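Undergrad: task: produce atomic coordinates for the following.
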Amino acid sequence: MKTNFNCKKFPLATAIAAMGLSQFSQADVNVLEEILVSADFRDVSLQNIASSVAVFDSLAIEQKGAQHLEQLLGHAPNVNISSGSSRARYFQIRGIGLRSQFVEPINPSVGVIVDGIDMSGVGSGVALMDVKQVEILNGPQGTAYGANALAGLINVQSNDPANEFTANLAATVAEYGSYTIEGLVSTPISEQTGVRFSFNHQRSDGFIKNDHLGRSDTNNIDETALRAKLIHKYSEQTVLAVTALYVDNDNGYDAFSLDNTRHTLSDKPGHDRQTTYALAAKLEFSVSDEIDAEVLLSTSKSDLEYGYDEDWAFVGLHPGGYSATDNYQRQRDNYSLDLRLLSSPAAKIFSGSSDWLLGAYYFDQEVDLDRQYSGSAVLSSSYEIQRAALYGQLDTKLSDRVTLVTGLRYERHGSSYKDTNAITGNIDENLWGGRLALSYAIDDEQNTYALLSRGYKAGGYNTDGDLNPEQRPFEAESLLNYELGYKAFFSDLALQLRVAAFYQDRTDVQIKSSNPVLKPAGNTIFVDYFDNSAKGESYGLEVATDWQASAALNVSMALGLLNTELEDEDFSRSNGEAAHAPGYQFSASLSYAFSDDLTGAVNLEGKDDFYFSDSHDEQSSRYALLNANLRYQLENWTLVLWGKNLSNKDYYVRGFGGFGNDPRDGYASKGYFQYGAPRQVGVKASYQF
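TA: Numbers count the residues shown, from 1 in each chain. You can find the predicted model right below:
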């Protein structure tokens with residue numbers, strides 16, 4: 001097993017340079033503002049929450065040039081992404097998470113919530129327009145979010161309507177035919193009501209040249225996102241917030257080359273499309289003088305279409321070649337209802353020492369799939385999920401310095417599957433998760449905590465008709481997370497420090513295995529399928545600092561170290577490391593105000609090599625990306641000159657192996673890789689009305 005903590009792979013010079021996860025404020029004194037995490041039941045200070053959390057505010061997002069969620073996550077410790085399409089929609093935290101989806105009806109391991117809307121599994125639709133902050137919670141969130149948050153949670157929170165009229169319009173132009181138009185309008189419409197509208201439209205030719213078609217836009221980006229948000233205050237105790245979201249992505253997909261370059265030969269380039277309509281409403285009110293209540297309702301409808309040229313070539317490239325396309329159309333409908341009762345200070349129990357919360361949750365999802373292979377319908381399926389849960393939490397002050405958090409969630413999970421190949425199945429499971437956290441305040445600026453949390457991931461189905469009936473369903477997976485943390489906010493130094501050490505124990509890991517099947521013709525084939533034959537463990541460290549060195553200079557860092565191991569007798573490769581689990585990740589940011597009008601920022605992000613799959617040995621190579629921007633403000637105008645991947649580093653975001661696809665070499669088995677973005681330079685101009 002590879003030792004990921006080898007310091008030779010993470011040289012001191014890189015460690016010193018790794019200064020990320022930063023926010024900069026042009027202040028007259030050295031000040032770091034308090035950050036509140038909203039993903040918990042109650043807003044909690046980042047310094048006080050007893051778990052490992054990374055938070056990016058709007059300024060940090062802008063400094064890192066992130067217009068989409070996939071462009072931000074590389075700056076968080078032990079968080080990785082999986083592409084394999086135009087945008088990454090699958091995420092991994094601490095080496096756990098989906099990497100792709102084709103026919104199988106699978107469940108996410110990393111939850112994605114946008115303004116209360118469940119976007120898990122459709123993260124390609126998360127544009128970072130007009131976003132207040134992004135919160136990344138590492139480790140299982142079994143109390144608050146249940147089945148979709150085995151590995152962790154990504155919570156995206158947009159800005160609320162402002163108390164006075166404000167508007168902004170911005171345009172960006174960059175290399176590779178890229179441009180973005182975005183804007184917002186926020187206004188109060190009465191003393192009780194405010195509304196906010198924001199939009200983003202982004203286009204790019206992409207970074208691929210199709211030599212056969214003579215085009216440079218077959219892997220293009222064409223995305224539009226609209227958001228409307230309304231907040232109405234009936235009284236100080238009763239508040240209604242409503243968010244409507246529309247996403248329209250019509251992207252190309254032509255990313256893989258037979259020659260492993262950015263030059264493709266496809267005659268039928270693919271596509272990666274998503275249309276989402278979503279609505280969320282949250283009502284907060286007081287049931288009595290002692291009890292507050294929250295009602296959260298959300299619904300979303302997503303149409304997804306993902307298709308590609310399977311042979312990655314044109315007819316006539318080679319006499320032994322073939323021609324095929326594969327296309328998947330999914331319609332996904334979600335409905336959720338969450339009811340909560342929360343104690344007010346007057347309703348604390350156990351002699352006034354404990355805040356309490358009780359909740360009930362219901363979730364309904366239906367996913368319909370139509371698959372076409374080379375233009376012919378080969379499969380239609382329907383997958384339905386119903387989840388009902390009860391949960392509760394106690395926050396108990398054992399003393400002035402010691403707090404105990406106890407949370408528990410019980411969930412009834414039911415799912416059913418059927419398809420046109422006469423494969424059917426039903427799963428009913430009783431699942432549970434929770435957390436037990438003990439925190440100790442050393443003084444007013446330092447806290448330590450110990451955390452035990454349990455998460456779970458629901459079972460599912462294997463859809464291959466060659467499998468035996470007993471091999472089609474697979475059961476739930478569970479995870480125990482043990483974590484120790486230290487957090488400090490040294491106000492005299494304007495320095496924040498967060499450290500978390502963790503060990504995770506996975507049981508009944510859902511892992512892909514291979515089984516020989518004897519066909520009627522007498523030949524034997526090997527069929528891949530998911531089962532629960534594996535156990536897994538991981539351990540590591542997550543560190544983040546933020547230092548306002550002066551009114552002009554901010555220096556910060558984030559570092560993740562990770563070691564994983566999967567134990568399974570049928571594991572298809574010799575090394576037991578989990579896929580998409582780099583041994584180290586780091587992010588860095590340094591921002592400096594040259595004057596009141598001119599600021600600059602440099603950031604660095606990098607990661608160790610990692611395996612692309614549990615079923616083959618192909619790996620990424622370790623890399624570091626250098627990004628920078630220069631920001632000039634003149635009255636209402638702001639100009640930003642930015643550059644990404646300034647060293648023009650070649651790196652991979654997805655890889656496949658264990659098969660051959662090139663007729664020119666006799667279909668020899670080898671690895672195929674999708675490149676990340678090369679160097680790109682652009683300029684952004686915005687006007688504040």
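Undergrad: can you tell me how far the most centrally placed residue in the chain is from T143?
TA: In the chain, the centroid-proximal residue (C-alpha atoms, centre = their mean) is F91; its distance is 4.6 Å. Separation of F91 from T143 (C-beta to C-beta, to the nearest Å): 21 Å. For every residue, glycine as well, the C-beta is placed using N, CA and C.
Undergrad: next one: S621
TA: Taken as C-beta to C-beta, the span from S621 to T143 is 39 Å.
Undergrad: what of H75?
TA: 27 Å.
Undergrad: then D608?
TA: 32 Å.
Undergrad: D326 too?
TA: 40 Å.
Undergrad: who's more crowded, these two?
TA: A direct count of neighbours by other C-beta atoms under 10 Å for D326 and T143 places T143 higher, at 27 against 17.
Undergrad: make sure the more buried one is actually in contact with R409.
TA: Yes. Between T143 and R409 there is a contact at 5.0 Å, judged by C-beta atoms under 8 Å.
Undergrad: give the residues shared as contacts by these two.
TA: Y391, G433, G434 (C-beta atoms under 8 Å, 6 or more residues apart in numbering).
Undergrad: check which helices and strands the helix or strand hosting the last one sits against.
TA: To tie it back to what came earlier, the one meant is G434. Assigned by DSSP states H and E, G434 falls within strand 424-443. Other elements packing on strand 424-443 under the criterion 3 or more C-beta pairs under 8 Å, 6 or more residues apart in numbering; DSSP states H and E are strand 402-419, strand 446-457, strand 460-461.
Undergrad: for the shortest one, the averaged confidence score.
TA: In this model, strand 460-461 has an average pLDDT of 86.
Undergrad: do the same with the longest one
TA: With pLDDT averaged residue by residue, strand 402-419 scores 96.
Undergrad: swap in stretch 225-244?
TA: On average, stretch 225-244 scores 96.
Undergrad: and stretch 419-430, which residues are buried?
TA: The neighbour-count criterion (16 or more other C-beta atoms under 10 Å) identifies D419, I423, G425, I427, E429 as the buried residues of stretch 419-430.
Undergrad: err, stretch 247-265, not the other one
TA: Buried-residue list, stretch 247-265, by 16+ other C-beta under 10 Å: 247-258, 262, 264-265.
Undergrad: which of those residues sits closest to Q680?
TA: R262 (13.1 Å; C-beta to C-beta).
Undergrad: quick check on Q71: phi, psi?
TA: phi -80, psi -10 (degrees, to the nearest 10).
Undergrad: isn't it up against E62?
TA: No. Taking contacts as C-beta under 8 Å, Q71 lies outside contact range of E62: 11.7 Å.
Undergrad: tell me how far the residue lying closest to Y486 once chain neighbours are set aside lies from V405.
TA: Leaving aside its sequence neighbours, Y486 sits nearest to V499 (C-beta to C-beta, 6 or more residues apart in numbering; 4.7 Å). Separation of V499 from V405 (C-beta to C-beta): 19 Å.
Undergrad: which of those two has more neighbours?
TA: V405 (22 against 17).
Undergrad: nearest spatial neighbour of that one, skipping sequence neighbours?
TA: Closest to V405 by C-beta to C-beta, 6+ apart is A437, at 4.2 Å.
Undergrad: residues in contact with that neighbour?
TA: By C-beta under 8 Å, 6+ apart, the neighbours of A437 are A50, S51, L404, V405, Y449, A450, L451, L452, S453.
Undergrad: select only the buried ones of these in ChimeraX?
TA: This is the ChimeraX syntax for the buried subset of the contacts of A437, where burial follows 16+ other C-beta under 10 Å:
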select :50,51,404,405,449,451,453
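Undergrad: export the helices and strands packed on strand 424-443 to a markdown table and tack on distance to E175?
TA: Below are these laid out as a markdown table (distance: least, C-beta to C-beta, whole Å):
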| stretch | distance to E175 |
| --- | --- |
| strand 402-419 | 45 |
| strand 446-457 | 41 |
| strand 460-461 | 42 |
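Undergrad: and these, which is most packed in?
TA: Burial of those is given as mean neighbour count (mean count of other C-beta atoms under 10 Å); strand 460-461 ranks first at a mean of 24.
Undergrad: and the contacts of it?
TA: In contact with strand 460-461 (C-beta under 8 Å, 6+ apart) are residues 104-107, 383, 415, 417, 423, 425, 427, 472-474, 510, 530.
Undergrad: continuing past that strand, what's the next helix or strand?
TA: Downstream of strand 460-461 (by DSSP H and E), the next one is strand 473-474.
Undergrad: what mean pLDDT does the next helix-or-strand element following that next one have?
TA: On the C-terminal side of strand 473-474, the nearest following helix or strand under DSSP H and E is strand 477-490. Taken as a whole, strand 477-490 has an average pLDDT of 96.
Undergrad: just how off-centre is strand 477-490 within its chain?
TA: Strand 477-490 sits 19 Å away from the centroid of its parent chain (C-alpha atoms, centre = their mean, to the nearest Å).
Undergrad: tell me the angle of that strand relative to strand 446-457?
TA: 160 degrees (axes from the mean of the first three to the mean of the last three C-alpha atoms, to 10 degrees).
Undergrad: buried residues in strand 477-490?
TA: Applying 16+ other C-beta under 10 Å to strand 477-490 flags E477, S478, L479, L480, N481, E483, G485, K487, A488, F489 as buried.
Undergrad: could you show me where the helices are in the stretch 151-300 of the chain, in order?
TA: Taking DSSP state H, counting those that start in this stretch as the criterion, the stretch 151-300 of the chain carries no helices.
Undergrad: now the strands for it?
TA: For the stretch 151-300 of the chain, the strands defined by DSSP state E, counting those that start in this stretch occupy 152-158, 166-174, 178-188, 193-204, 209-210, 221-233, 239-253, 263-264, 270-286, 291-309.
Undergrad: contact partners for Q202?
TA: Q202 neighbours (C-beta under 8 Å, 6+ apart): Q67, A127, S178, Y179, T180, I221, D222, E223, T224.
Undergrad: right, and the fifth one touches M129 too?
TA: In this case it means T180. No. T180 is not in contact with M129 according to C-beta under 8 Å; the separation is 9.4 Å.
Undergrad: any residues in contact with both of those two?
TA: With C-beta under 8 Å, 6+ apart, T180 and M129 have common neighbours Q67, N200.
Undergrad: of the buried residues of stretch 247-265, which is the nearest to E310?
TA: F256 (9.9 Å).
Undergrad: just the pLDDT for the closest one.
TA: Reported pLDDT for F256: 95.
Undergrad: quick check: it vs L245, distance?
TA: 31 Å.
Undergrad: repeat for A174
TA: 26 Å.
Undergrad: out of the buried residues of stretch 247-265, flag the one nearest to N148.
TA: V247 (19.0 Å).
Undergrad: what distance do you get for the closest one to L304?
TA: From V247 to L304 the distance is 11 Å (C-beta to C-beta).
Undergrad: pull the residues that contact stretch 666-678.
TA: In contact with stretch 666-678 (C-beta under 8 Å, 6+ apart) are residues 83-84, 207, 255-258, 260, 262, 320, 616, 618, 620, 644-645, 648, 650-662.
Undergrad: whoops, I mixed them up, stretch 111-119
TA: 39, 69, 91, 120-123, 125-126, 141, 145, 148-149, 152-158, 227, 229, 243, 245, 276, 278-280, 282, 296, 298, 300, 334, 336, 363.
Undergrad: and that stretch, which residues are buried?
TA: Applying 16+ other C-beta under 10 Å to stretch 111-119 flags G111, V112, I113, V114, D115, G116, I117, D118, M119 as buried.
Undergrad: fine by me, thanks again.
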